[in-house]
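In: Got a predicted model here, sequence first, then my questions.
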2 protein chains.
Amino acid sequence: MEAEFQRWLRAHVPFHASFPLGLADDAAVMRLATRRNMVITTDLLSDGVDFRLDDKDLDPQRVGRKALAASLSDLAAMAARPLAAVVAIALPREPGSAEALRLAIALYEGLLPLAAEFDVAVAGGDTNTHAGPLVICVAAFGEVTERGPLTRSGGRPGDQLLVTGKLGGSRGSHHLDFTPRVREALLLHQRYELHAGMDISDGLALDLSRMAAECGCGAVIDVDRLPLSTGALIRQALSDGEDFELLLAAPPDAADAMLRDQPVACAVTCIGELTAGEGLWQQTQDGQRQPLIPTGWQH
Amino acid sequence: MEAEFQRWLRAHVPFHASFPLGLADDAAVMRLATRRNMVITTDLLSDGVDFRLDDKDLDPQRVGRKALAASLSDLAAMAARPLAAVVAIALPREPGSAEALRLAIALYEGLLPLAAEFDVAVAGGDTNTHAGPLVICVAAFGEVTERGPLTRSGGRPGDQLLVTGKLGGSRGSHHLDFTPRVREALLLHQRYELHAGMDISDGLALDLSRMAAECGCGAVIDVDRLPLSTGALIRQALSDGEDFELLLAAPPDAADAMLRDQPVACAVTCIGELTAGEGLWQQTQDGQRQPLIPTGWQH
């Protein structure tokens, strides 16, 4: 299958000026336009865990798209500008090589338009078959902007917690079809003072617990302010994985400005704040407060 | 398992000055010392294809080491200096989470010493479980030297074909325990004029056919000159995958100098030359010539 697939790749993966040598070699050579620090991430998706190929509604193109989108979401979390990705695939050996080739092509047909949308060069890969479920692993590279990277650890007590978009219920189709918040992260990081950021991939409560730990802070969530996806419950907004929205910590002035300006296409919502004391809390508008258990998607 | 494994990683993955932020974020931030072009590659290994975990002689540490070594061999093929790697792992869900944790740790215990040997920062990763065989995918990053990248396409008719080390019989233990030819590639590329290079990962005959195609040349191999591994047959030296040696094309003067100097720890051997005519040939010392079929490891 490999030779035929290599021919397909060479015909369909577009040339990118950052990779003047194309796909001909053992590795890809990336021309750097700046000396800004690089940002690197990798995400691995498996059939049965991150998607189900036996779902009749699932076109495998969406799987390829999701694999790249998840890695781009990690770059967005750092407010990095995406540059390139490499794609490793393990195809199921059964039912046969013609089906494996079709599946490999479908994965690329799904990820190439997303790569084009974000000007990401698909710079190489490794495609094999094995006696197991489909696995697709995308490593993505970006560069920090002149503002430097956004990290999880810069938040301080009193910082407001903000999220992009809506939360909960991602298991329907959102987890396959989301658009990574790359543009939103770059714009917000450029225009406003952000102290910390990450993407919500494992559930708000669990991911917030990680950010708070890195900041050496506690946190309190106003559950009545959570921006719920259509039909989602508060419990789902707190613990469903794969929202792939941004969780940000910003000083009150900057948070107020973002809430007033609403400068990106999706809503920016304040959902709580970082606190000096340890621990995670959820509170309601009538003032009840109880511990927030960091539940979410544990790999 | 994830939280426990993250703690293990933070305690055991060494700090690297190129990654001052460590492992705390969604992605790794790499400080660039130069503005040289980057080299990027990814390799995916699966249980049952690239190794067999059920082999009683196979310590899983060797699997982790091999995964990194295969990616570093791709960087060596480009004569690039390795800088960093990210590691994605899909662990078999059965027999249980304690075993999965032990396996994940063993993989890292195998790859971390090799990373240290080549000053490669292990910059991040993604570790999951799935209902399938062990999969490990390493994306590696390097930088070209002042000589630029070594590519597959620069060879010309009359260039001598050279290989490092010995060929054939890699399926015993060599394919698990080889040392990627990083040092050899850097030294040879620095001191001698090399026109083309690649690593022999899928078998000499198949990989040579790829190099010759990129160069727009044919090639002839002197089978009596092939440096055979102990016990290996000529047929194996031509078609066994995973030798992970370098295949180089160099003009006659540079080839003569390398053969005379023998400047690296392993042997450098001339095995044939690129030709103006198309096609691959094998010839013996008594002058018989027959077509060389590009057999090897087809993924």
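Out: Thanks, I have the structure now.

In: End to end on stretch A:153-170, go ahead and measure it.
Out: End-to-end distance for stretch A:153-170: 26 Å, by CA to CA, to the nearest Å.

In: isn't there a strand covering A:F15?
Out: No: counting by DSSP: H, G, I helix; E, B strand; the rest coil, A:F15 is not part of a strand but coil.

In: measure A:L134 to A:I89 for me?
Out: Going from A:L134 to A:I89 by CB to CB, to the nearest Å gives 8 Å. From N, CA and C alone the C-beta is placed, and that goes for glycine too.

In: actually A:V163, not the one I wrote
Out: 32 Å.

In: Report the contact partners of the residue nearest the centre of chain A.
Out: For chain A, A:S73 is the residue whose C-alpha lies nearest the centre (CA atoms, centre = their mean; 2.3 Å). The neighbourhood of A:S73, defined by CB atoms under 8 Å, 6 or more residues apart in numbering or on different chains, consists of A:178, A:180-182, A:199, A:201, A:244, B:26.

In: Then A:A267?
Out: By CB under 8 Å, 6+ apart, the residues touching A:A267 are A:164-166, A:227.

In: which one of these is nearest chain B?
Out: Of all those, chain B sits closest to A:T164, with 14.6 Å by CB to the nearest CB.

In: about what we covered before: could you pick out which of the contacts of A:A267 are near chain B?
Out: Restricting the contacts of A:A267 to those within reach of chain B (CB under 8 Å from any CB of the partner chain) leaves nothing.

In: Could you identify which of those residues has the most neighbours?
Out: Most neighbours among those, by other CB atoms under 10 Å in any protein chain shown: A:T164, with 25 neighbours.

In: Which strand residues bridge that one?
Out: Assessed by DSSP bridges, A:T164 has beta-bridge partners A:V268.

In: still on that earlier bit, which one of A:L134 and A:I89 has more residues nearby?
Out: A:I89 (26 against 23).

In: Counting by contacts, list what the helix or strand where the more buried one lies packs against.
Out: In this assignment (DSSP states H and E), A:I89 forms part of strand A:80-92. Where contact means 3 or more CB pairs under 8 Å, 6 or more residues apart in numbering or on different chains; DSSP states H and E, strand A:80-92 is packed against strand A:28-30, helix A:60-77, helix A:97-117, strand A:121-130, strand A:135-144, helix A:182-191, strand B:38-46, strand B:135-144.

In: these two touch, right, A:E193 and A:A249?
Out: No: contact criterion CB atoms under 8 Å: A:E193 and A:A249 do not qualify, at 10.4 Å.

In: Give me every residue in the stretch 51-200 of chain A lying close to chain B.
Out: Counting by CB under 8 Å from any CB, the stretch 51-200 of chain A comes close to chain B at A:73-75, A:77-78, A:80, A:84, A:86-90, A:123-133, A:135, A:137, A:139-142, A:144, A:149, A:151-153, A:198-199.

In: just to revisit the earlier point, turn the contacts of A:A267 into TSV, columns for distance to B:L112 and pLDDT.
Out: Putting the contacts of A:A267 into TSV (distance: CB to CB, whole Å; pLDDT from 0 to 100) gives the following:
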residue	distance to B:L112	pLDDT
A:T164	37	98
A:G165	38	97
A:K166	41	97
A:P227	42	98
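
In: how about the helices and strands packed on strand A:80-92 in a markdown table, adding distance to A:R171 and mean pLDDT?
Out: Shown next, in a markdown table, are the helices and strands packed on strand A:80-92 (distance: least, CB to CB, whole Å; pLDDT from 0 to 100):
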| stretch | distance to A:R171 | mean pLDDT |
| --- | --- | --- |
| strand A:28-30 | 35 | 94 |
| helix A:60-77 | 13 | 98 |
| helix A:97-117 | 19 | 97 |
| strand A:121-130 | 27 | 95 |
| strand A:135-144 | 19 | 97 |
| helix A:182-191 | 22 | 98 |
| strand B:38-46 | 27 | 97 |
| strand B:135-144 | 24 | 97 |
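
In: For the ones you listed, could you give me JSON lines that also reports distance to A:F51?
Out: Listed next are those as JSON lines, based on distance: least, CB to CB, whole Å:
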{"stretch": "strand A:28-30", "distance to A:F51": "27"}
{"stretch": "helix A:60-77", "distance to A:F51": "5"}
{"stretch": "helix A:97-117", "distance to A:F51": "11"}
{"stretch": "strand A:121-130", "distance to A:F51": "17"}
{"stretch": "strand A:135-144", "distance to A:F51": "9"}
{"stretch": "helix A:182-191", "distance to A:F51": "21"}
{"stretch": "strand B:38-46", "distance to A:F51": "18"}
{"stretch": "strand B:135-144", "distance to A:F51": "16"}
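
In: Compare those and give me the one nearest A:W8.
Out: Checking these against A:W8 by CB to CB gives helix A:97-117 as the closest, at 5.9 Å.

In: Any buried residues in the closest one, and which?
Out: Across helix A:97-117, burial judged by 16 or more other CB atoms under 10 Å in any protein chain shown covers A:100-101, A:103-108, A:110-112, A:114-115.
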